[in-house]
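A.B. asks: the sequence isn't on hand, but the structure is:
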């Protein structure tokens, strides 16, 4: 059957222009982004300029991971050890990791049945006055009402930074994710919308955030090697007080990523949504299975799909996942008692303050399933996946 050879972790080949750029770099040996003699812009600097332009931001700063960009964004927004940072509880481990790296306290915000941040809970926790930053995760590509989020945060003088690891190319009401808050953090790790193996980019319009991010990332005093950067006077304000954390992006991942933007990214976004919608149409017809609802303002780009099995027990969920896996369909279950692979939830993060009240999230994530969507899937593969899910549902409750 078609699904017997499905590889849900499959990646598309790097575009030939990226391969050739990487080979030329390796032949030159100039893998580090900063040089003391060359006048030719580094690949990392050119990626930053192109990425910023694509998002309509003044600045972009390349780093070695999206987690690094989140940590640096927190530091650049003035977060100090002991400060409180708000974040929606449905996210992945690099988000609480970035908060812990900054020495801050993570205050988790509940989620809705549609996997976005609960605006009522956000408003209540923002009103406490303890938090200075909301680290908003557009987890698995699900985008909250950004106008409402920003209004709540503005009312309580809270800065917003966006975790856009899963939303490169996505938007809310025509405005790109990563451009609503003070800073946006993007991933170019494998499995994301552009594949650099590992890497991240921070975007912002703020001079002081950008200058600090460049210095924090490990520029030494080579900030003039950044094609998009604040004026020198801004760096003078920060150069003596900003530690070098050596988190910068090298030229090799930048060279690989650059040809994956523009038309290539737009085509990928179209094809990802096509496959998502094939799967969604089939899964929506299965009894007892619920898909998150998406408002018309959300322009999603889905390289994965999520569905819920409300009211299922842990035993039934484990049986369902096992039955699907036996047919070659690897489904991740967020409600599993133990973290597995890339998948974990707040109850697994024992470094986070325990016993935070998240009643809706506990119920929602108990039955939440997650499936990668590689671009190699054909429509017949999607039909096979739906058939496997239908049979696994039947077997789990037989």
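C.D. replies: Received it, and whenever you're ready, just let me know what you need. Nothing here was measured: the structure is a model prediction, and the numbers come from that model.

A.B. asks: so for stretch 47-61, mean pLDDT?
C.D. replies: The average pLDDT for stretch 47-61 rounds to 98.

A.B. asks: report the buried residues of it.
C.D. replies: Along stretch 47-61, these residues count as buried under the neighbour rule (16 or more other CB atoms under 10 Å): 47-52, 54-55, 57-61. C-beta coordinates here come from the backbone N, C-alpha and C atoms, glycine included.

A.B. asks: and stretch 376-390, by the same measure?
C.D. replies: In stretch 376-390, counting by 16+ other CB under 10 Å, buried: 377, 381, 382, 383, 384, 385, 386, 387, 388, 389, 390.

A.B. asks: what residues does the helix or strand hosting the fifth one touch?
C.D. replies: Right, residue 384. Here residue 384 is covered by helix 379-396, with elements defined by DSSP states H and E. Helix 379-396 is touched from outside by 1-3, 6, 275, 278-279, 282-283, 286, 288-289, 309, 312, 316-317, 319-321, 323-324, 327-329, 331, 371, 377, with contacts defined as CB atoms under 8 Å, 6 or more residues apart in numbering.

A.B. asks: what do you get if the cut-off is 7 Å, keeping everything else the same?
C.D. replies: For helix 379-396, the external contacting residues (CB atoms under 7 Å, 6 or more residues apart in numbering) are 1-3, 6, 275, 278-279, 282-283, 286, 288-289, 316, 319-320, 323-324, 327, 329.

A.B. asks: do the same with stretch 345-354
C.D. replies: 89, 93, 96, 100, 105, 106, 108, 334, 339, 358, 365.

A.B. asks: quick check, residue 362 in a strand?
C.D. replies: No - per DSSP: H, G, I helix; E, B strand; the rest coil, residue 362 lies outside any strand segment and is helix.

A.B. asks: mind listing what it touches?
C.D. replies: Per CB under 7 Å, 6+ apart, neighbours of residue 362: none.

A.B. asks: going forward can the numbers begin at 3, since that is how I track them
C.D. replies: Sure thing, new numbering starts at 3, so read that last one as residue 364.

A.B. asks: tell me the spacing between it and residue 330.
C.D. replies: 31 Å (CB to CB, to the nearest Å).

A.B. asks: and what of residue 284?
C.D. replies: Per CB to CB, residue 284 is found 17 Å from residue 330.

A.B. asks: all strands of the stretch 3-152 of the chain, in order?
C.D. replies: Ranges of strands within the stretch 3-152 of the chain are 61-65, 86-90, 107-111, 133-139, based on DSSP state E, counting those that start in this stretch.

A.B. asks: pick the most buried one from those strands.
C.D. replies: Among the strands of the stretch 3-152 of the chain, ranked by average contacts under mean count of other CB atoms under 10 Å, first place goes to strand 61-65 (a mean of 29).

A.B. asks: okay, now residue 172: neighbour count?
C.D. replies: Neighbourhood size, residue 172 [other CB atoms under 10 Å]: 22.

A.B. asks: cool, and residue 131?
C.D. replies: Neighbour count for residue 131, taken as other CB under 10 Å: 11.

A.B. asks: same check on residue 291?
C.D. replies: 17.

A.B. asks: surely it and residue 311 touch.
C.D. replies: Yes - Residue 291 is in contact with residue 311 according to CB atoms under 7 Å; the separation is 6.3 Å.

A.B. asks: common neighbours of those two, please.
C.D. replies: Joint contacts of residue 291 and residue 311 (CB under 7 Å, 6+ apart) do not exist.

A.B. asks: strands along the stretch 253-400 of the chain, start to end?
C.D. replies: Using DSSP E, counting those that start in this stretch, the strands found in the stretch 253-400 of the chain span residues 300-301, 306-310, 334-335, 370-374.

A.B. asks: now mean pLDDT and mean neighbour count too, for these, in CSV please.
C.D. replies: Output for the strands of the stretch 253-400 of the chain, formatted as CSV (pLDDT from 0 to 100; neighbours: other CB atoms under 10 Å):
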stretch, mean pLDDT, mean neighbour count
strand 300-301, 98, 20
strand 306-310, 98, 21
strand 334-335, 95, 20
strand 370-374, 97, 20
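
A.B. asks: which of these sits closest to residue 150?
C.D. replies: Closest to residue 150 of the strands of the stretch 253-400 of the chain is strand 300-301 (CB to CB; 12.8 Å).

A.B. asks: partners of the closest one in the sheet?
C.D. replies: strand 173-174 (antiparallel) (DSSP bridges).

A.B. asks: the very next helix or strand once past the strand it pairs with packs against which elements?
C.D. replies: Using DSSP H and E, the helix or strand that follows strand 173-174 in sequence is strand 177-178. Strand 177-178 sits against no helix or strand, with contacts defined as 3 or more CB pairs under 7 Å, 6 or more residues apart in numbering; DSSP states H and E.
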